[in-house]
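Enquirer: kindly generate the corresponding structure for this input.
(one chain, ligands or ions: 2)
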Amino acid sequence: MSLLLDCDTGIDDALALIYLCSQPHVELVAVTSTPGNVDADQVARNNLALLELCGRPDVPVAVGARAPLRVPLVTTPDTHGPQGIGYAELPQARRTLEPSDAVDLWIEAARSRPGELTALLTAPLTNFALALRAEPRLPELLKGVVIMGGAFFYQGNTTPTAEWNTHVDPHAAAEVFAAFAGQPEDRLPIVCALETTERIEMHPEHLAALAEAAGCNEPELVRPGDAGGLRSRARNGLVRHVSDMLRFYFEFHRLYDQGYVAHVHDYFAATVAAGTTRFATRTATVHVETEAPRLVGTTVADFRGLWGEAPNARIVSENEPAAAFAEFVSSVGALARRLG
Ligand code: BDR
Ligand code: CA
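Expert: Ligands and ions are numbered 1, 2, ... in the order given. This is a model prediction of the structure:
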């Protein structure tokens, strides 16, 4: 399994990246950085630092676009913290970025290994849209595409109807779905949208189980009654940083009346891309709204062919949250144990 990951790291992007590093059968061909949760340079700094934390300083990291295609960049420090990784303070990585642009890197990788690479996109689709403009054969060159984005017949998390990634760059999302229209079903992107990713609801108990699986001597207790902004004392570096990220994400979700939980959307998308989770999909034609002022970034799925247009996506319709967390705890727990 060889993956190209494009992310806007981001707490749940960070969990996705850490999880992929914990999977021995996953080759991370490159990690590219799109602006979204934080600006592109901060995303790249986070990616470099996380890869170093996970013992993977060999994976190339690059930056592409620094703003969405047609609208100004809006970031979300409220959701992910000023640096995108909650309360975690990662040491700066010792190495620097790849000199090449993320878009060129993707195209080169896809051309040199046709039919081998799976693309995982957990960010606004800016870089991917640019890559598709430059190489329209990408849908055929890639083995598969997994996207975290959208919300189908389900309320948005950014506006009443729009999900964050599609809202940040609606024009890019519209271009990407248009580029896949008419592809055979098994080449259509698999879309992990809010109605299934919000079911991947992490609780403090999952963190405690992770610390236990990592062999920590002390229980990792993050409690709803704690004063805001406490920091982990875990001696295991990976557990400590994950805990400091998640504490911030729990506090954010509680602020928005969702409880002391965290929706780890991008982690779920990573399990789909890595082939380590069970899920079902429904084929649909996806439209991304880019004009109507109150609906920008809203995604609509035609599951019944009422528009008479070719399908352009497979939308995840069922997933298994308990199994997804058991997988996270055992796989990331084993990595944390190895790293010490
Ligand atoms: C998406 O928005 C971002 O804030 C998360 O990282 C995830 O990719 C969820 O709507
Ligand atoms: Ca993300």
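Enquirer: ok, Val222 - contacts?
Expert: Contacts of Val222 were listed using C-beta atoms under 8 Å, 6 or more residues apart in numbering, and they are 204, 207-208, 230, 232, 243, 246-247, 250. For every residue, glycine as well, the C-beta is placed using N, CA and C.
Enquirer: show the buried residues in those residues.
Expert: 204, 207-208, 232, 243, 246-247, 250 (16 or more other C-beta atoms under 10 Å).
Enquirer: out of those, list just those in helices.
Expert: With DSSP state H as the criterion, helices contain 204, 207-208, 243, 246-247, 250 from among the buried ones among the contacts of Val222.
Enquirer: so Thr281 makes contact with Arg314?
Expert: Yes: judged on C-beta atoms under 8 Å, Thr281 makes contact with Arg314 at a distance of 3.9 Å.
Enquirer: who has more neighbours out of those two?
Expert: Arg314 (23 against 18; other C-beta atoms under 10 Å).
Enquirer: three-state assignment of that one?
Expert: For Arg314, the assignment made with DSSP: H, G, I helix; E, B strand; the rest coil gives strand.
Enquirer: and if you look at the one 4 residues further on?
Expert: Classification of Glu318 into helix, strand or coil gives strand, according to three-state DSSP.
Enquirer: is stretch 55-72 anywhere near ligand 1?
Expert: No: judged by C-beta under 6 Å from any ligand atom, stretch 55-72 stays clear of ligand 1, getting no closer than 13.8 Å.
Enquirer: meant to ask about stretch 132-148
Expert: Yes: residues of stretch 132-148 contacting ligand 1 under C-beta under 6 Å from any ligand atom: Met148.
Enquirer: list the buried residues for that stretch?
Expert: 132, 135, 138-139, 141-148.
Enquirer: is ligand 2 contacted by stretch 39-56?
Expert: No: between stretch 39-56 and ligand 2, judged by C-beta under 5 Å from the ion, nothing touches; the nearest distance is 9.3 Å.
Enquirer: could the buried ones among the contacts of Val222 go into JSON lines alongside distance to Asp6?
Expert: Shown next, in JSON lines, are the buried ones among the contacts of Val222 (distance: C-beta to C-beta, whole Å):
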{"residue": "Pro204", "distance to Asp6": "30"}
{"residue": "Leu207", "distance to Asp6": "27"}
{"residue": "Ala208", "distance to Asp6": "32"}
{"residue": "Ser232", "distance to Asp6": "29"}
{"residue": "Ser243", "distance to Asp6": "26"}
{"residue": "Leu246", "distance to Asp6": "23"}
{"residue": "Arg247", "distance to Asp6": "27"}
{"residue": "Phe250", "distance to Asp6": "26"}
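Enquirer: quick one: name the residues of the protein near ligand 1.
Expert: 10, 12-13, 37, 79, 122, 148, 157, 163-165, 265-266.
Enquirer: scan these and report the most crowded one.
Expert: That'd be Asp13 among the residues of the chain next to ligand 1, by other C-beta under 10 Å, with 34 neighbours.
Enquirer: ok but Val146 is inside a helix, no?
Expert: No: read with three-state DSSP, Val146 is strand and lies in no helix.
Enquirer: helix, strand or coil for the residue nearest to it when sequence neighbours are not counted?
Expert: With C-beta to C-beta, 6 or more residues apart in numbering as the criterion, Val146 has its nearest non-adjacent residue at 4.2 Å, and that residue is Ala273. Here Ala273 is recorded as helix under three-state DSSP.
Enquirer: quick check: Ala273 vs ligand 2, distance?
Expert: Distance, Ala273 to ligand 2, using C-beta to the ion, to the nearest Å: 13 Å.
Enquirer: about what we covered before: switch the ones in helices among the buried ones among the contacts of Val222 over to TSV; also include distance to ligand 2.
Expert: Listed next are these as TSV, based on distance: C-beta to the ion, whole Å:
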residue	distance to ligand 2
Pro204	22
Leu207	20
Ala208	25
Ser243	20
Leu246	15
Arg247	19
Phe250	17
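Enquirer: helices of the stretch 51-200 of the chain, start to end?
Expert: 77-80, 102-112, 126-134, 138-141, 164-168, 170-180, 194-197 (DSSP state H, counting those that start in this stretch).
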